[in-house]
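Colleague: any chance you can model this:
(4 chains)
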4 protein chains.
Amino acid sequence: MKEYIYRLDFKVRDYELDMQGVVNNSVYQNYLEHARHEFLLSRGIDFAEYSDKGIYLIVTRALMEYKASLRSGDKFWVGLNLIMESKVRVTFEQDIYRSSDDKLILKGAVTGTCLNERGRPKFPDELLEKLGVK
Amino acid sequence: MKEYIYRLDFKVRDYELDMQGVVNNSVYQNYLEHARHEFLLSRGIDFAEYSDKGIYLIVTRALMEYKASLRSGDKFWVGLNLIMESKVRVTFEQDIYRSSDDKLILKGAVTGTCLNERGRPKFPDELLEKLGVK
Amino acid sequence: MKEYIYRLDFKVRDYELDMQGVVNNSVYQNYLEHARHEFLLSRGIDFAEYSDKGIYLIVTRALMEYKASLRSGDKFWVGLNLIMESKVRVTFEQDIYRSSDDKLILKGAVTGTCLNERGRPKFPDELLEKLGVK
Amino acid sequence: MKEYIYRLDFKVRDYELDMQGVVNNSVYQNYLEHARHEFLLSRGIDFAEYSDKGIYLIVTRALMEYKASLRSGDKFWVGLNLIMESKVRVTFEQDIYRSSDDKLILKGAVTGTCLNERGRPKFPDELLEKLGVK
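Modeller: I've put the predicted structure just below:
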């Protein structure tokens, strides 16, 4: 099992299932987004507060490999790692596992940047410090 | 504070917010549905299993009164009561409260019935027994 | 067939279906919201612009009666009427019909108000004029 | 401008916006899924019908590059190309453009396969014929 710096537990909700009885592909991105925001909160970074200030954390690329499906009643967890690819680019490795047997459900990589008040890519120093990458 | 036979705790996820920064009106129905299904599970009734058998629990009416908004980071809970209105009609009273101060956010009433394998309104006896209304 | 002052055509998208193969109950509220906003736009009222100005059109109550289900591939339309219930309360009657046979799918009534920049219920005069109720 | 074998027009719906006032990242996957299903329908392939028969078209990988944002009121279109990568793997190139100026919003590549009634990867012959790749 890969190691992660952050983990968040979830349970499938039936309204997330599609007509095949499995979680719809797009819903996994919701899970990953929520896990990222909760991770940021755990480091003292409030996504909504930054948005209010005109500082936007934005996603520029998302790659998802679907390995198996989640179904009604399944519990699962998202594991997260953080890779600073450059001064203005961060990638969140985010993988989803079914809790009952730690089976890999999805391998994800979500890359983003931060736009400052003037719309230019720049991570505020305090944000990098809170992420422990400075 | 009203009394409820079942309660489920949630936290707002940022993807549920709309451009006004509050939980979108339609998302509350997702919360109510998930709370109903978890309540049913707590009584040994698996919504997905019944669907597989061709027995459908369906909603015929939903009334929602929006009292206040939920925002990013808010924790909240759904309280649930069950009223058998007739042999073939059940209403779930479902109210949503913000957890920090138990402020009422939404008053809901969701009425439904059960369609058996032949598409006729009829609650299976075992289902009524599990709900404790028989 | 009831008469409506506005009508909007839609088609079901498969991601809106749930595991029973029908449009999920909460999705109908999305349809109704989109129809309201398009109706407002047709009268020169841009919901998003008002939000930017700090004027909020908010929903205080939604009633939905589910008469029949929509399925994969179904085309449907939303009919809309407007009732000014008081100076600060408007109800949108919004009904959904399957296009192939005009079968009634959902009867809806969505009540709302307008909060001005100071958070008080008040419809701007120009908005009432555009709605033709002044 | 790249050439596509299929194009579908859309308009942003306000419930798809997030608190930053732009279409939420996960919603683009809904757009892409709907465009794929409409493309398949245009070739006489009904996704829902295949699901009913126990034949599943599934996504194994999705890559999305976010180039710019869609906002309230924006019209846009999805262009689609089809690449048979092997006998059991197909990739849909799917790009999103804002209609007003054909600005590129998203570059997507969605790879999938088909599981037959026995859960094995295999495209039915008639499906390949309808897609014009046999």
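Colleague: contacts and neighbour counts: CA atoms only from here.
Modeller: OK.
Colleague: tilt between the helix ranked longest in chain A and helix D:27-42?
Modeller: With secondary structure taken from DSSP state H, chain A has its longest helix at helix A:27-42. Orientation of helix A:27-42 against helix D:27-42 (axes from the mean of the first three to the mean of the last three C-alpha atoms, to 10 degrees) gives an angle of 180 degrees.
Colleague: so which elements touch helix A:27-42?
Modeller: strand A:6-11, helix A:47-52, strand A:75-86 (3 or more C-alpha pairs under 8 Å, 6 or more residues apart in numbering or on different chains; DSSP states H and E).
Colleague: now the longest one - C-alpha only, CSV.
Modeller: Meaning strand A:75-86. Below are the C-alpha coordinates for strand A:75-86, written out as CSV (Å, rounded to 0.1, in the frame of the first residue of the first chain):
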residue,chain,number,x,y,z
LYS,A,75,-17.3,3.0,2.2
PHE,A,76,-14.1,4.3,0.6
TRP,A,77,-11.2,6.6,1.3
VAL,A,78,-9.2,9.1,-0.6
GLY,A,79,-5.4,9.2,-0.1
LEU,A,80,-3.6,12.3,-1.0
ASN,A,81,0.0,13.4,-1.7
LEU,A,82,1.3,16.7,-2.8
ILE,A,83,4.0,17.4,-5.4
MET,A,84,5.3,20.9,-6.0
GLU,A,85,6.2,20.6,-9.7
SER,A,86,7.4,24.2,-10.0
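Colleague: what's that strand packed up against?
Modeller: Checking 3+ C-alpha pairs under 8 Å, 6+ apart, strand A:75-86 ends up next to strand A:6-11, helix A:27-42, strand A:89-98.
Colleague: for D:L70, find the nearest of these.
Modeller: Nearest to D:L70, of all the helices and strands packed on strand A:75-86, is helix A:27-42, at 17.6 Å by C-alpha to C-alpha.
Colleague: for the closest residue to A:K130 other than its chain neighbours, grab phi and psi.
Modeller: Closest residue in space to A:K130, ignoring its immediate chain neighbours: A:R43 at 5.8 Å, by C-alpha to C-alpha, 6 or more residues apart in numbering or on different chains. Dihedral angles of A:R43 (phi, psi; degrees, to the nearest 10) stand at phi -100, psi 10.
Colleague: number of residues surrounding A:R43?
Modeller: Summarising burial for A:R43: neighbours were counted as other C-alpha atoms under 10 Å in any protein chain shown, giving 14.
Colleague: picking up where we left off before, so the longest helix of chain A versus strand A:89-98, what angle?
Modeller: Comparing the axes of helix A:27-42 and strand A:89-98 via the same axes, to 10 degrees yields an angle of 120 degrees.
Colleague: relative to the whole chain's centre, how far out is helix A:27-42?
Modeller: Chain-centre distance of helix A:27-42: 4 Å, with C-alpha atoms, centre = their mean, to the nearest Å.
Colleague: and what of stretch A:17-32?
Modeller: 15 Å.
Colleague: can I get the CA coordinates of that stretch in CSV?
Modeller: Presented in CSV, the C-alpha positions along stretch A:17-32 are these (Å, rounded to 0.1, in the frame of the first residue of the first chain):
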residue,chain,number,x,y,z
LEU,A,17,-25.2,6.2,-8.6
ASP,A,18,-26.1,6.0,-12.3
MET,A,19,-28.4,3.7,-14.1
GLN,A,20,-25.7,1.0,-14.1
GLY,A,21,-25.9,1.0,-10.3
VAL,A,22,-22.3,2.3,-9.9
VAL,A,23,-21.0,5.7,-8.9
ASN,A,24,-21.1,8.0,-12.0
ASN,A,25,-17.6,8.8,-13.4
SER,A,26,-17.9,12.5,-12.9
VAL,A,27,-18.8,12.1,-9.2
TYR,A,28,-15.3,10.9,-8.4
GLN,A,29,-14.0,14.4,-9.3
ASN,A,30,-16.4,15.7,-6.6
TYR,A,31,-14.8,13.3,-4.1
LEU,A,32,-11.3,14.4,-5.1
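Colleague: and that stretch, what's buried?
Modeller: A:17-32 (16 or more other C-alpha atoms under 10 Å in any protein chain shown).
Colleague: could you point out the helix or strand that follows the worst-scoring helix or strand of chain A on mean pLDDT?
Modeller: When each helix and strand of chain A is scored by mean pLDDT, DSSP states H and E, helix A:47-52 comes last, with a mean of 86. Next along the chain after helix A:47-52, taking DSSP states H and E as the criterion, comes strand A:56-66.
Colleague: do that next one and chain B come into contact?
Modeller: No. On the criterion C-alpha under 8 Å from any C-alpha of the partner chain, strand A:56-66 is out of touch with chain B, staying 12.9 Å away.
Colleague: does any part of that strand sit near chain D?
Modeller: Yes. Contact of strand A:56-66 with chain D (C-alpha under 8 Å from any C-alpha) involves A:59-66.
Colleague: which neighbours does that strand have in its sheet, and in what orientation?
Modeller: As defined by DSSP bridges, the strand partners of strand A:56-66 come to strand A:104-115 (antiparallel), strand D:56-66 (antiparallel).
Colleague: out of these, the one nearest C:I55 is which?
Modeller: Smallest distance to C:I55 across the strands paired with strand A:56-66 (C-alpha to C-alpha): 26.9 Å, for strand A:104-115.
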